[in-house]
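*Asks:* With the input below, show me the fold.
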Amino acid sequence: MDDATLLERFEDTTLPPDEMRHREHVRLAWILLGLAPFEVAAPRYCASLRRFAAAHGHAGRYHATMTWAYLALVQERMSSPGVPSDFPAFAVANPDLFDHTGGALSARYDRETLDSGLARSVFVLPAPARATTVGMTHAMRFEGLTLTVESVERSIAFYRDKLGLPVEWNAAPAFAMLRVGGAGGGTIGLLSVAEARKENVPDSTAAQKAAIHVEFGTDDLDGLHEELKAKGVVFHAPPHDEPWERSMTALDPDGYAVEFAQGKRGQNKPAG
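*Replies:* Now for the predicted structure:
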């Protein structure tokens, strides 16, 4: 369904409720925020969502805090440097927006707050960021990792053009940095082996590279598998169930393992 049809059927409430999943919520926010400024698009989205819920007998399901928070997050990500212009690529670049149980919202709100009547009826600001370290006075945050690569340009072609990650800093052929998860996420650095050798860093073996996993999560592993295959991504291991999670693995141009898991890592054990 194209964007215009989805928006029309959402606003006139003819979209079947079972087709209004979390991904469609995010996509509709993305559509509206692309048509008008936040102060115009956000109230339009909220009014349409309330009307849609009421038309299908679910008026009580509207959640003010979750709705406004997602609108703000989508707007923030759409304003990031190098953001993809099409929705499928935007979705790949921002997987935490599509993890409704452990993604972008869980990094800002605890479950108790979101379950409260106050948060459901009015927008509640997130609590101040909490320390993510144990036994430390000063909190730390994870910013990213850097891979040594034979060709920065070749790696950009993989991570940007196939996986949809926006390039935040391009200093090829020496270095580049890609953004993962929008402004609130982290980065993947691509450092040429030629530059690393200047610092006397030894080359990694093929086995060492394969043992390093760059890990992503998604709400629709099988759908993502088909989308990436169509872009030419070759999978070392297609979607399959492990005792601890459902996942798939590709190899990037340098042989680093790029792993995709269904849902949130560590909280996605397959049923049965």
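
*Asks:* what about Arg77, distance to Leu33?
*Replies:* 10 Å (CB to CB, to the nearest Å). Just so you know, the C-beta spots here come from the backbone N, C-alpha and C atoms, and that holds for glycine as well.

*Asks:* ranges for the helices of the stretch 101-250 of the chain?
*Replies:* Shown for the stretch 101-250 of the chain, the helices assigned by DSSP state H, counting those that start in this stretch span residues 111-114, 117-121, 152-159, 193-198, 206-211, 221-230.

*Asks:* In a markdown table, list these along with mean neighbour count.
*Replies:* Shown next, in a markdown table, are the helices of the stretch 101-250 of the chain (neighbours: other CB atoms under 10 Å):
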| stretch | mean neighbour count |
| --- | --- |
| helix 111-114 | 12 |
| helix 117-121 | 13 |
| helix 152-159 | 19 |
| helix 193-198 | 14 |
| helix 206-211 | 12 |
| helix 221-230 | 16 |
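
*Asks:* Relative to the centre of the chain, pull out the residue lying furthest away.
*Replies:* Centroid-distance maximum for the chain: Asn200 at 35.3 Å, with CA atoms, centre = their mean.

*Asks:* how about it, what does it touch?
*Replies:* Applying CB atoms under 8 Å, 6 or more residues apart in numbering to Asn200 gives no contacts.

*Asks:* what sits against Pro253?
*Replies:* With contacts defined as CB under 8 Å, 6+ apart, the neighbours of Pro253 are 149-151, 154-155, 157-158.

*Asks:* rerun at 6 Å
*Replies:* 154-155, 158 (CB atoms under 6 Å, 6 or more residues apart in numbering).

*Asks:* Which one of the residues you listed is nearest to Met177?
*Replies:* Nearest to Met177 among those is Ser155, at 11.2 Å by CB to CB.

*Asks:* The closest one and Leu191 touch, don't they?
*Replies:* No. Using CB atoms under 6 Å, Ser155 is not in contact with Leu191, being 9.8 Å away.

*Asks:* if we can go back for a sec, I'd like the contacts of Pro253 as a markdown table, with pLDDT and distance to Asp219 appended.
*Replies:* Below are the contacts of Pro253 laid out as a markdown table (pLDDT from 0 to 100; distance: CB to CB, whole Å):
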| residue | pLDDT | distance to Asp219 |
| --- | --- | --- |
| Arg154 | 97 | 29 |
| Ser155 | 97 | 26 |
| Phe158 | 96 | 23 |
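
*Asks:* which one of these is nearest Arg9?
*Replies:* Closest to Arg9, out of all of these and judged by CB to CB, is Phe158, at 36.1 Å.

*Asks:* Provide a list of residues in contact with that closest one.
*Replies:* Phe158 touches 252-253, counting by CB under 6 Å, 6+ apart.

*Asks:* Then Ala89?
*Replies:* By CB under 6 Å, 6+ apart, Ala89 lies in contact with Gly164.

*Asks:* Roughly how far does the closest residue to Asp241 other than its chain neighbours sit from Trp244?
*Replies:* Among residues not flanking Asp241 along the chain, Pro270 sits closest, at 4.5 Å (CB to CB, 6 or more residues apart in numbering). Distance of Pro270 to Trp244, given as CB to CB: 8 Å.

*Asks:* Same question for Asp18.
*Replies:* Per CB to CB, Asp18 is found 30 Å from Trp244.

*Asks:* With Phe10 instead?
*Replies:* 37 Å.

*Asks:* out of these two, which sits in the busier spot?
*Replies:* Between Phe10 and Trp244, counted using other CB atoms under 10 Å, the more crowded position is Phe10 (23 against 12).

*Asks:* Between Arg77 and Leu33, tell me which one has more neighbours.
*Replies:* Arg77 (26 against 22).

*Asks:* check which helix or strand covers the more buried one.
*Replies:* helix 64-78 (DSSP states H and E).

*Asks:* Return the set of buried residues in that helix.
*Replies:* Judged by neighbour count using 16 or more other CB atoms under 10 Å, the buried positions of helix 64-78 are 64-75, 77-78.
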